[in-house]
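*Asks:* next one to model:
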Amino acid sequence: MNRSPLYEIATGRPGSLFDEDMAIVEQHLRNAVSGKRILAIGGAGSIGSSTVLELAALRPDTLHIVDQNENGLAELVRQMRSRPQGWSARDFRALPLDYGSATMAHFLRSEKPYDIVLNFAALKHVRSEKDPYSTLQIFETNLAKQARLMRWLANTGFDGRFFTVSTDKAANPSSMMGATKRMMEHVMFNSSAAADLGGVRTSARFANVAFSNGSLLQAFEHRLARGEALAVPRDTKRYFVSLGESGQICSIAATFAPGQTIVIPKLDPEEHLVLLQEIAERFLHRNGFAPAYYDDEAAACANVEAEKQQGRWPLLITPLDTAGEKPYEEFVTKDEVVADIGLPNLQAVNYLAGDKAEIDAALAELDLFLSTDALNGDLDKDRLKAIIARVEPSFLETHRESSANLDQRL
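*Replies:* Modelled structure (predicted):
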């Protein structure tokens, strides 16, 4: 039986919203990528691999992919090798490296400067804001390592295009993850590390990527396969893009967008916001089940087999009351200015500068936290929040505190 793509359950689109945008910039993309040297960090993740596949088809001379997840890296290589006519690179390498490690620094010193560097490496889950140690790891991955990478690239004489993916959660952040990605934007655009790095710097904020690795929607697939109840938060709407659309956004942002801008999609809340419960219901219907609604986790888990025998599947509806979770999504703040970039479905936010001295001071304070010899007192999330507040004082008000976290939910 022919079925529509799985992502259509979430996006409501049979194809890509950004095909027209890609057609407009096609020749520009080819000129930017063909014969060039490209480094993709975090390139084996969902968004990274989708972007790598887009750019690989444009015939770069060099394509180096770095990712700590060696299983994901192996799978991406298998996927690329299965498309022998779909890509080529004279120098292709997949390296299982931590992008903030000494090994990465040695690697960059051994290479000629790249023309395009894309950074997708991040801790991206709001659920990681559950204790100060996990939160500190978010800060190190999303901030400290980004600054290190920029300094190392500057030392190689880099003068190309540098792109790091951000998130919609960086606009008026309510979570530590979102706040670190907002700080990442400050680091890449207006820190001392940015001042020393040549070339053009851009970013992108966009919606949830439907059925991406680790996502709630991917969990639907896994839970159904394992015979487990599904779960969604109550009355919660989200924007979604497909994996392919995420690669298109990042390809355009990395190669076409003006410097000091953050590319965002033109999404209409009336047309494009989707209730998560509706997606779960569509997913179950697609797989031959009617939803059986539960508000008790233990009962939902216990009744999978009984409901299955009746052609139903347990769907647990939970409150949206965990730390860092926003009840809505936004791509731009009231103080930011949106600019037209000549595309029908994409536009750009002009970077709203933070105080450079405070950005550098925040990074220096973070370095103290990351030095076990220098840290005085106990590590707690309030001390980490204060680092963000040096540059984004409103985070003290927008951060969504809660005693509950997503690890305590189905």
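*Asks:* just give the nearest non-adjacent residue to residue 163, would you?
*Replies:* Leaving aside its sequence neighbours, residue 163 sits nearest to residue 254 (Cβ to Cβ, 6 or more residues apart in numbering; 3.7 Å). (Each C-beta comes from the backbone N, C-alpha and C, glycine too.)
*Asks:* part of a strand, is the one you found?
*Replies:* No - read with DSSP: H, G, I helix; E, B strand; the rest coil, residue 254 is helix and lies in no strand.
*Asks:* quick one: it from residue 261, how far?
*Replies:* From residue 254 over to residue 261 the distance is 12 Å, taken as Cβ to Cβ, to the nearest Å.
*Asks:* wait, doesn't residue 45 sit right on residue 119?
*Replies:* No - using Cβ atoms under 8 Å as the test, residue 45 is too far from residue 119 to be in contact (11.1 Å).
*Asks:* residues that sit against both of residue 254 and residue 261, list them.
*Replies:* Counting by Cβ atoms under 8 Å, 6 or more residues apart in numbering, the residues touching both residue 254 and residue 261 are residue 202.
*Asks:* okay, those two: which has more neighbours?
*Replies:* Legend: neighbour count by other Cβ atoms under 10 Å for residue 254 and residue 261, higher for residue 254 (30 against 22).
*Asks:* wouldn't the more buried one be in contact with residue 116 here?
*Replies:* Yes - counting by Cβ under 8 Å, residue 116 is a contact partner of residue 254 at 6.3 Å.
*Asks:* find residues that contact each of these two.
*Replies:* The contact sets of residue 254 and residue 116 overlap at 161, 163 (Cβ under 8 Å, 6+ apart).
*Asks:* helix/strand/coil for the residue lying closest to residue 217 once chain neighbours are set aside?
*Replies:* Nearest residue to residue 217 in three dimensions, chain neighbours excluded: residue 211, at 4.8 Å (Cβ to Cβ, 6+ apart). Classification of residue 211 by three-state DSSP places it in coil.
*Asks:* helices along the stretch 301-410 of the chain, start to end?
*Replies:* For the stretch 301-410 of the chain, helices defined by DSSP state H, counting those that start in this stretch occupy the ranges 304-309, 356-369, 381-391, 395-398.
*Asks:* which one, of those, ends up nearest to residue 94?
*Replies:* helix 356-369 (30.0 Å; Cβ to Cβ).
*Asks:* give me the helices and strands touching that closest one, please.
*Replies:* Judged by 3 or more Cβ pairs under 8 Å, 6 or more residues apart in numbering; DSSP states H and E, helix 356-369 is in contact with helix 132-139, helix 176-190, helix 192-196, helix 381-391.
*Asks:* before we move on, back to that, any chance of the helices of the stretch 301-410 of the chain in TSV, plus mean pLDDT and mean neighbour count?
*Replies:* Formatted as TSV, those follow (pLDDT from 0 to 100; neighbours: other Cβ atoms under 10 Å):
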stretch	mean pLDDT	mean neighbour count
helix 304-309	98	14
helix 356-369	94	17
helix 381-391	91	19
helix 395-398	86	15
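*Asks:* using JSON lines, lay out those helices together with distance to residue 15.
*Replies:* Output for those, formatted as JSON lines (distance: least, Cβ to Cβ, whole Å):
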{"stretch": "helix 304-309", "distance to residue 15": "34"}
{"stretch": "helix 356-369", "distance to residue 15": "40"}
{"stretch": "helix 381-391", "distance to residue 15": "39"}
{"stretch": "helix 395-398", "distance to residue 15": "36"}
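*Asks:* to residue 84, which of those lies closest?
*Replies:* Short answer: helix 304-309, nearest of the helices of the stretch 301-410 of the chain by Cβ to Cβ, at 42.3 Å.
*Asks:* about what we covered before: pick the most buried one from the helices and strands packed on helix 356-369.
*Replies:* Sort these by mean neighbour count, taking mean count of other Cβ atoms under 10 Å, and helix 176-190 sits at the top with a mean of 26.
*Asks:* next, the angle from that one to helix 356-369.
*Replies:* Between helix 176-190 and helix 356-369, the angle comes out at 130 degrees (axes from the mean of the first three to the mean of the last three Cα atoms, to 10 degrees).
*Asks:* just the helices from the stretch 151-300 of the chain, written as ranges.
*Replies:* Here the stretch 151-300 of the chain has its helices, by DSSP H, counting those that start in this stretch, at 176-190, 192-196, 216-226, 243-255, 269-272, 276-286, 297-302.
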